[in-house]
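Trainee: Show me the folded form of this:
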Amino acid sequence: MSDSPEPRERKVIIFEGRRYDVTDWVPRHPGGAIIEKFIGQDVTVPLHMFHDVRSPVIQSLLKRMDMGPAEDHPLSPFDRDYLELEQKFLDRGWFDVNPLWYSWKMGWVVALLVAAYAVPHPLFKGIFFGLFIQQAAFLAHDACHDALAPRRWRKLASWIFADVCFGISHADWTRKHNAHHLITNRPIEDPQINNLPNLAYSAPEIGLFERTRRKLTAGEKRQIATQHIWFLPMMLLYGRINIVRKNLRRALRGRDPQYLKGFAIHSALWLSILAQGGFDPVFALWFIPTALAVSGILHVQLLLSHIYAPRLMADEQRRIGMKLQIQSNQNISTTFLDDWFHGGLQHHIEHHLFPRLPRHSLAKARVDVRALSEKHSIPYKSDPFLVCIVDLLRGLRRASAPLRQERALQAQRP
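Mentor: Presented below is the predicted three-dimensional model:
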């Protein structure tokens with residue numbers, strides 16, 4: 001009897017009608033473990049979404065992993081239309097970065113930071129510093145999507161705008177954001193739109209969490225039951241503290257010097273403004289909550305684009321394919337007055353369909369994307385900011401209704 005180990009099961013994906021063996025590539029995939037969720041599936045559209053497939057590097061990798069044609073595996077009508085639309089955008093030059101536009105955005109970030117130091121009152125310091133963090137976060141997002149700087153400068157740009165200006169780890173964010181884009185709104189699994197046991201975005205998720213993870217405690221149930229009441233103030237005043245706290249804990253545990261250096265500079269920015277007020281408690285009480293609330297609006301903005309869209313399970317997402325990028329996202333309708341404030345990511349459906357599109361091209365893509373959604377009978381949702389907030393709170397109230405009913409029944413028992 002042979003003692004030789006059994007051969008490994010090969011991990012295969014399908015791309016543009018051909019099969020590719022990615023067994024040895026999976027652990028080295030720069031985008032993280034998200035590739036594991038697509039083994040055995042057609043990744044034509046996801047690969048186009050995240051990579052310029054014309055790149056010699058991509059072509060070389062595909063050539064080495066090519067296993068031949070995938071028989072009887074044609075593209076779906078939606079996938080064909082998506083690829084035609086991508087080619088149209090490429091022909092129009094919409095994937096090209098406009099350096100002047102991004103220079104203007106960087107100028108805003110610098111100006112807001114300077115204003116935070118220059119104005120005397122701590123309230124206005126908080127407003128300007130909060131806006132500095134929010135607008136820098138948009139640039140961090142662009143850098144991590146390769147839509148801001150050439151690839152050789154990507155890590156530096158990501159570190160400056162994410163770690164230093166925004167205060168979170170660009171490496172950790174990128175891994176989670178890649179997964180978020182490809183399994184958007186998938187209950188429990190989407191790492192950026194999953195906040196159980198603290199928040200529930202749909203009632204079925206509570207049961208799914210208890211079946212697959214653990215039972216909710218009585219305190220957690222009470223918290224979720226009232227989530228529509230405390231969500232906004234908690235998100236505005238504690239959202240940033242919570243995300244930075246988690247990043248710092250992971251960095252200390254994993255000994256991540258890159259993030260820790262960036263966090264040290266970010267902390268120095270806060271402390272230097274507090275030093276302007278002589279570390280006076282009254283000054284701090286004006287400045288800190290204001291800066292947290294203004295920068296915390298960013299977290300509300302991003303959640304508005306997702307959390308009351310359909311929450312589809314893994315099998316449902318696989319069945320509809322990348323149509324989910326329209327179905328599981330929500331745009332925010334803006335005017336010229338608030339367009340700057342939302343940074344371009346109010347065109348969130350367009351961003352999720354074409355994440356490599358620079359922000360300055362997203363608004364131009366809306367007409368074509370709306371036509372694509374109408375052709376395939378997919379609802380295309382876009383509402384004003386305040387309407388989105390009201391819908392969000394209503395959605396949170398609906399999601400937590402079973403827990404309130406459970407508590408009411410328990411209160412009636414002798």
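
Trainee: from here on, contacts and neighbour counts on C-alpha atoms
Mentor: Noted.

Trainee: Next, count neighbours for the residue nearest to residue 347 when sequence neighbours are not counted.
Mentor: Nearest non-adjacent residue to residue 347, counting by Cα to Cα, 6 or more residues apart in numbering: residue 331, 5.3 Å away. When neighbours are counted by other Cα atoms under 10 Å, residue 331 registers 24.

Trainee: Next up, the contacts around residue 331.
Mentor: Going by Cα atoms under 8 Å, 6 or more residues apart in numbering, residue 331 touches 305, 346, 347, 348, 349, 381, 382, 383.

Trainee: In strands, which of these appear?
Mentor: Among the contacts of residue 331, DSSP state E puts 382, 383 in strands.

Trainee: Tell me the one among the contacts of residue 331 nearest to residue 85.
Mentor: Each of the contacts of residue 331 was scored against residue 85 by Cα to Cα, and residue 349 proved nearest at 14.3 Å.

Trainee: mind checking how far that closest one is from residue 95?
Mentor: 16 Å (Cα to Cα, to the nearest Å).

Trainee: More neighbours: which of the two?
Mentor: Set residue 349 next to residue 95 and count neighbours by other Cα under 10 Å: residue 349 wins out with 29 against 21.

Trainee: you'd agree the more buried one is up against residue 330?
Mentor: Yes - look at residue 349 against residue 330 with Cα atoms under 8 Å: they come within range, at 6.2 Å.

Trainee: Now the residue nearest the centre of the chain: which helix or strand?
Mentor: The centre of the chain sits closest to residue 177, judged by Cα atoms, centre = their mean, with a distance of 4.8 Å. Secondary structure assignment for residue 177, by DSSP states H and E: helix 170-182.

Trainee: Give me the distance from that helix to the chain's centre.
Mentor: Offset of helix 170-182 from its chain centre (Cα atoms, centre = their mean, to the nearest Å): 7 Å.

Trainee: which strands and helices sit next to that helix?
Mentor: Applying 3 or more Cα pairs under 8 Å, 6 or more residues apart in numbering; DSSP states H and E, one finds that helix 170-182 makes contact with helix 122-144.

Trainee: what's the next secondary structure element after the helix it packs on?
Mentor: helix 151-158.

Trainee: Contacts for that following helix, please.
Mentor: Here helix 151-158 makes contact (Cα under 8 Å, 6+ apart) with 140, 141, 143, 144, 146, 148, 149, 170.

Trainee: Tabulate these (a markdown table), appending distance to residue 208, pLDDT and neighbour count.
Mentor: Output for these, formatted as a markdown table (distance: Cα to Cα, whole Å; pLDDT from 0 to 100; neighbours: other Cα atoms under 10 Å):
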| residue | distance to residue 208 | pLDDT | neighbour count |
| --- | --- | --- | --- |
| 140 | 33 | 92 | 28 |
| 141 | 31 | 91 | 21 |
| 143 | 35 | 89 | 27 |
| 144 | 32 | 86 | 26 |
| 146 | 35 | 79 | 22 |
| 148 | 39 | 80 | 25 |
| 149 | 41 | 73 | 19 |
| 170 | 30 | 89 | 28 |
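
Trainee: now do the same end-to-end measure for stretch 111-128.
Mentor: Stretch 111-128: ends 9 Å apart by Cα to Cα.

Trainee: correction: stretch 68-86
Mentor: End to end - Cα to Cα - stretch 68-86 spans 25 Å.

Trainee: Flag every buried residue along it.
Mentor: Neighbour counts using 16 or more other Cα atoms under 10 Å place 70, 78, 79, 82, 85, 86 of stretch 68-86 among the buried residues.

Trainee: Surely the second one and residue 325 touch.
Mentor: Pointing back at residue 78 there. No - between residue 78 and residue 325 there is no contact under Cα under 8 Å: 11.7 Å.

Trainee: From the chain's centroid, how far away is stretch 282-292?
Mentor: For stretch 282-292, the distance to the chain centre is 28 Å (Cα atoms, centre = their mean).

Trainee: cool, and stretch 405-414?
Mentor: Worked out by Cα atoms, centre = their mean, stretch 405-414 lies 38 Å from the chain centre.

Trainee: same check, this time on stretch 154-170
Mentor: 15 Å.

Trainee: Check which residues of it are buried.
Mentor: Buried, per 16+ other Cα under 10 Å, within stretch 154-170: 154-155, 157-170.

Trainee: Repeat that for stretch 244-259.
Mentor: 244, 247, 248, 251, 259.

Trainee: Going by distance to residue 284, which of those residues wins?
Mentor: Each of those was scored against residue 284 by Cα to Cα, and residue 244 proved nearest at 19.1 Å.

Trainee: Can you tell me, leaving aside adjacent residues, what's nearest to that closest one?
Mentor: Closest residue to residue 244 apart from its sequence neighbours, by Cα to Cα, 6+ apart: residue 168 at 5.7 Å.

Trainee: wait, is the one you found part of a helix?
Mentor: No - membership of residue 168 in a helix is not supported by DSSP: H, G, I helix; E, B strand; the rest coil, which gives coil.

Trainee: Quick one: residues contacting it.
Mentor: 162, 243, 244, 247, 248, 259, 263.

Trainee: One more: residue 42?
Mentor: Residue 42 is in contact with 13, 14, 15, 16, counting by Cα under 8 Å, 6+ apart.

Trainee: partners of it in the sheet?
Mentor: Per DSSP bridges, residues listed as beta-bridge partners of residue 42: residue 14.

Trainee: Just want to check the distance between it and residue 19.
Mentor: For residue 42 relative to residue 19 (Cα to Cα), the value is 9 Å.

Trainee: Show me whatever sits in contact with both of those two.
Mentor: residue 13.

Trainee: And what about residue 19, helix, strand or coil?
Mentor: strand.
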